[in-house]
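K.L.:
Predicted coordinates and the sequence they were generated for:
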2 protein chains.
Amino acid sequence: MRGLGTGISAEAVAALLERVRAGDARAVARAISVVEDDAAGAAEVLSACFPHTGDSLRIGVTGSPGAGKSTLVDRLARSCREREETVGVLAVDPTSPFTGGAILGDRIRMAERLSDPGVYVRSMATRGALGGLAQTTADAVTVLEASGKQKVLIETVGVGQDEVDIVRLADVTVVVLVPGMGDDVQSIKAGIMEIADIFVINKADREGADRVEKEVRAMQSLASRHSGDEEWVPPMVKTVATTGQGIKELMATIDEMQEWLSEGDRLAARRRRYWRERIVEMMRTALLREVRQHGFSQNEIEEYAALVVERREDPYRLVPRLIAERFAVMEEGS
Amino acid sequence: MRGLGTGISAEAVAALLERVRAGDARAVARAISVVEDDAAGAAEVLSACFPHTGDSLRIGVTGSPGAGKSTLVDRLARSCREREETVGVLAVDPTSPFTGGAILGDRIRMAERLSDPGVYVRSMATRGALGGLAQTTADAVTVLEASGKQKVLIETVGVGQDEVDIVRLADVTVVVLVPGMGDDVQSIKAGIMEIADIFVINKADREGADRVEKEVRAMQSLASRHSGDEEWVPPMVKTVATTGQGIKELMATIDEMQEWLSEGDRLAARRRRYWRERIVEMMRTALLREVRQHGFSQNEIEEYAALVVERREDPYRLVPRLIAERFAVMEEGS
């Protein structure tokens, strides 16, 4: 037990895990909250969940605001349910760091589905105390996977670096574009070109859908793929999420990619690539926790900040000195 | 000297600093590149620059893509030059993590100004090797300040968490809104409400400018300000950046805020608040550097990633164990 009040005993973790594994929505909600708040017991809950993960297909859905991602994700979730697959949905909004949960309004429509135990929907907006939102999202996915969801849909609100970091954990990344969004979308498209496994042109009944397709094709021939060693060429699917048009095709394309990933070492190779980055990220967070817990008090930091503002300390010398003073790196095996 | 090729000797740092201090654009470019690439000598260059910083006013300009920020920043830079103030401009684009510099196209117009030694313009898109883009931007600002620029304009391409992190370093934050951008902008506005010192409604000749003003006023009355102890109420300025309309008023509003900040401890208090966060951020980066340099080889990380993917290691136990094994926290004074 690491604390009172928010603490969770080993027995409580075991009991919670059992309920999570049974797909109990309230237990899943509780587990994600513990993880999200980085409350005492968070590591224990995640550690308990982890052995029961790895079987879900993680599908990332990203694209400009207003591209209709929520509706699309809603349609995908419904399609999965029609096949009797269980689904977890995480709607992640890094653009609301202060107010939190601005995306939630859009989710009311999906909330009705909460009565279906085969679906779990959650919005995430707050980054964890120490790690970033990408890490908190990954931890929430761990809980969802442990709850036995066959598909986990991770939807982001926009297409910035945060979003790219978030969808990195996906096995399949769907990038949603729309016709006629102008030059700003051009620059955005350049940034996420490399992470797309499937392109969706949503609102394809609008004028300009063919032009978007041509532009993406042109960019594809220029861009170097992040998965340079693989031969998957991102297909393009046209949808009208509001009417459901093209959703069947999109589902089939996702299945196709899943099939392709299952051949040989492909899926594992992707996941290793992801974990390489994530382990380093987790180390960074763990070290920062050490800094906060043992290294430096808030008062000390405030004093240093004051000295820096007065130019009595040079932060570029101060920080390395402090780190050298307080942290010793031990050689391997010592 | 920390390396060959990219390394910089103490003499070279001193020589570079001298040229930076003289405002030599090529020296500034070289120094920022060293910092941006986190090349050997980066810490030395920053440390040499640091004592010569603190006198510039740092102005952050953020807002949705397409709000006309580039044009606005261009106008502000021109206005500064008309008063014979020197200006540095950093255009930061966190949405182009892979391709880099997508924003650069917009800057060609500004490039003509490079022949004026009183202006220095630079686009930044790549995050540093270890720190984030916010840290790299802050380091570039350190160089610009050392070069004696009286105003430093930091422009971001969008309004996500990255952008919020980036503009945190500003003394004055200008948030640019435009009429008629719909509901998506609503959620974005909520997120940056707390960081705005000045609101600009650009393209104010368009329909709906008054409505935007009313909405912001309504949100202002609801939102709690980040600077709760201060009495600055963010004013609102309407501009049409393409014609220059309202720029004079915006400059006057920035002057007003600068004046206000100069009273008592206000500016120093803001900067202390910033440095508190930044020192912790720098510690995190320094620790990560330790991890990379001394703690764990890339091969080790790859092995761990493989074990995690195979569920033979639990990352939530592995990482704390590795950190405990390799890093010792020393008590203060020991």
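P.N.:
In hand now; what should we look at? Everything numeric here is computed off the predicted structure, so don't read it as measured data.

K.L.:
Point out where the stretch 151-300 of chain A drops to low pLDDT.
P.N.:
Applying pLDDT under 70 to the stretch 151-300 of chain A flags the ranges A:158-162, A:181-192, A:221-230, A:294-295.

K.L.:
In a helix, residue A:155, correct?
P.N.:
No: counting by DSSP: H, G, I helix; E, B strand; the rest coil, one finds residue A:155 to be strand, located in no helix.

K.L.:
Residue A:77 against residue A:89, yeah?
P.N.:
Yes: Residue A:77 is within contact range of residue A:89, at 5.8 Å (criterion: Cβ atoms under 8 Å). To be clear about C-beta, it is placed using only N, CA and C from the backbone, and glycine gets the same treatment.

K.L.:
between these two, who's got more neighbours?
P.N.:
Remark: of residue A:77 and residue A:89, residue A:89 carries more neighbours, 27 against 23, as counted by other Cβ atoms under 10 Å in any protein chain shown.

K.L.:
Are we agreed that that one is in a helix?
P.N.:
No: applying three-state DSSP, one finds residue A:89 to be strand, outside a helix.

K.L.:
ok, it - contacts?
P.N.:
With contact set as Cβ atoms under 8 Å, 6 or more residues apart in numbering or on different chains, residue A:89 has these partners: A:73, A:77, A:110, A:119, A:120, A:121, A:122, A:152, A:153, A:155.

K.L.:
partners of the fourth one in the sheet?
P.N.:
What that stands for is residue A:119. According to DSSP bridges, the residues that bridge with residue A:119 are residue A:87.

K.L.:
residues touching it, list them.
P.N.:
Contact analysis of residue A:119 by Cβ under 8 Å, 6+ apart lists A:77, A:81, A:86, A:87, A:88, A:89, A:113.

K.L.:
how much space between it and residue A:90?
P.N.:
For residue A:119, the distance to residue A:90 (Cβ to Cβ, to the nearest Å) stands at 12 Å.

K.L.:
What residues of the strand or helix carrying residue A:70 count as buried?
P.N.:
Using DSSP states H and E, residue A:70 sits within helix A:69-82. Buried positions in helix A:69-82, judged by neighbour count with 16 or more other Cβ atoms under 10 Å in any protein chain shown: A:69-81.

K.L.:
Residue B:258: which of these is nearest?
P.N.:
residue A:69 (41.2 Å; Cβ to Cβ).

K.L.:
Tell me how far that closest one lies from residue A:150.
P.N.:
Separation of residue A:69 from residue A:150 (Cβ to Cβ): 21 Å.

K.L.:
same check, this time on residue A:40
P.N.:
Counting by Cβ to Cβ, the gap from residue A:40 to residue A:150 is 31 Å.

K.L.:
Also residue A:279?
P.N.:
Applying Cβ to Cβ to residue A:279 and residue A:150 gives a distance of 26 Å.

K.L.:
So residue A:122 belongs to a strand, correct?
P.N.:
Yes: according to three-state DSSP, residue A:122 belongs to a strand.

K.L.:
Tell me, how many residues neighbour it?
P.N.:
Residue A:122, neighbours per other Cβ under 10 Å, totals 21.

K.L.:
same check, this time on residue A:88
P.N.:
There are 28 residues near residue A:88, going by other Cβ under 10 Å.

K.L.:
Could you do residue A:321 as well?
P.N.:
Using other Cβ under 10 Å, residue A:321 is surrounded by 12 other residues.

K.L.:
Could you check the pLDDT of it?
P.N.:
pLDDT for residue A:321: 88.

K.L.:
what secondary structure does it sit in?
P.N.:
Criterion first, three-state DSSP; result for residue A:321: helix.

K.L.:
Could you check how far it is from residue A:293?
P.N.:
20 Å.

K.L.:
just residue A:196 next, same as before
P.N.:
In terms of Cβ to Cβ, residue A:196 sits 40 Å off from residue A:293.

K.L.:
When the two are compared, which one has more neighbours?
P.N.:
Using other Cβ under 10 Å as the criterion, residue A:196 and residue A:293 rank with residue A:196 on top: 27 against 9.

K.L.:
I'd guessed the more buried one sits against residue A:232; true?
P.N.:
No: taking contacts as Cβ under 8 Å, residue A:196 lies outside contact range of residue A:232: 10.5 Å.

K.L.:
Just the strands from the stretch 101-250 of chain A, written as ranges.
P.N.:
A:119-124, A:151-156, A:172-177, A:198-201, A:236-238 (DSSP state E, counting those that start in this stretch).

K.L.:
Turn the ones you listed into JSON lines, including distance to residue A:17.
P.N.:
Shown next, in JSON lines, are the strands of the stretch 101-250 of chain A (distance: least, Cβ to Cβ, whole Å):
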{"stretch": "strand A:119-124", "distance to residue A:17": "16"}
{"stretch": "strand A:151-156", "distance to residue A:17": "18"}
{"stretch": "strand A:172-177", "distance to residue A:17": "27"}
{"stretch": "strand A:198-201", "distance to residue A:17": "33"}
{"stretch": "strand A:236-238", "distance to residue A:17": "38"}
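
K.L.:
can you tell which of the ones you listed is closest to residue A:62?
P.N.:
Nearest to residue A:62 among those is strand A:151-156; the distance by Cβ to Cβ comes to 4.7 Å.

K.L.:
who touches that closest one?
P.N.:
With Cβ under 8 Å, 6+ apart as the test, strand A:151-156 has contacts from A:56-62, A:69-70, A:73, A:76-77, A:80, A:85-94, A:137, A:141, A:144-145, A:162-163, A:166-167, A:169-170.

K.L.:
ok, and the closest non-adjacent residue to residue A:280?
P.N.:
Take residue A:280 and drop its neighbours on the chain: the residue closest to it by Cβ to Cβ, 6 or more residues apart in numbering or on different chains is residue B:301, 6.3 Å away.

K.L.:
Is the one you found in contact with residue A:281, as I believe?
P.N.:
No: taking Cβ under 8 Å as the contact criterion, residue B:301 and residue A:281 are not neighbours in contact, 11.0 Å apart.

K.L.:
and chain A, what are its domains?
P.N.:
Per the record, chain A has its domains at A:1-52, A:54-264, by automatic domain parsing.

K.L.:
before we move on, back to that, of residue A:279 and residue A:150, who's got more company?
P.N.:
In terms of neighbours (other Cβ under 10 Å), residue A:279 is the more surrounded of residue A:279 and residue A:150; the figures are 23 against 16.

K.L.:
could you pull out the helices for chain A?
P.N.:
A:10-21, A:25-36, A:42-49, A:69-82, A:108-111, A:133-146, A:161-167, A:182-192, A:209-222, A:247-262, A:266-290, A:298-309, A:315-326 (DSSP state H).

K.L.:
centroid residue for chain A?
P.N.:
For chain A, the residue nearest the mean C-alpha position is residue A:166 (3.6 Å; Cα atoms, centre = their mean).

K.L.:
show me what contacts that residue?
P.N.:
By Cβ under 8 Å, 6+ apart, the neighbours of residue A:166 are A:60, A:62, A:92, A:94, A:133, A:134, A:137, A:154, A:156.
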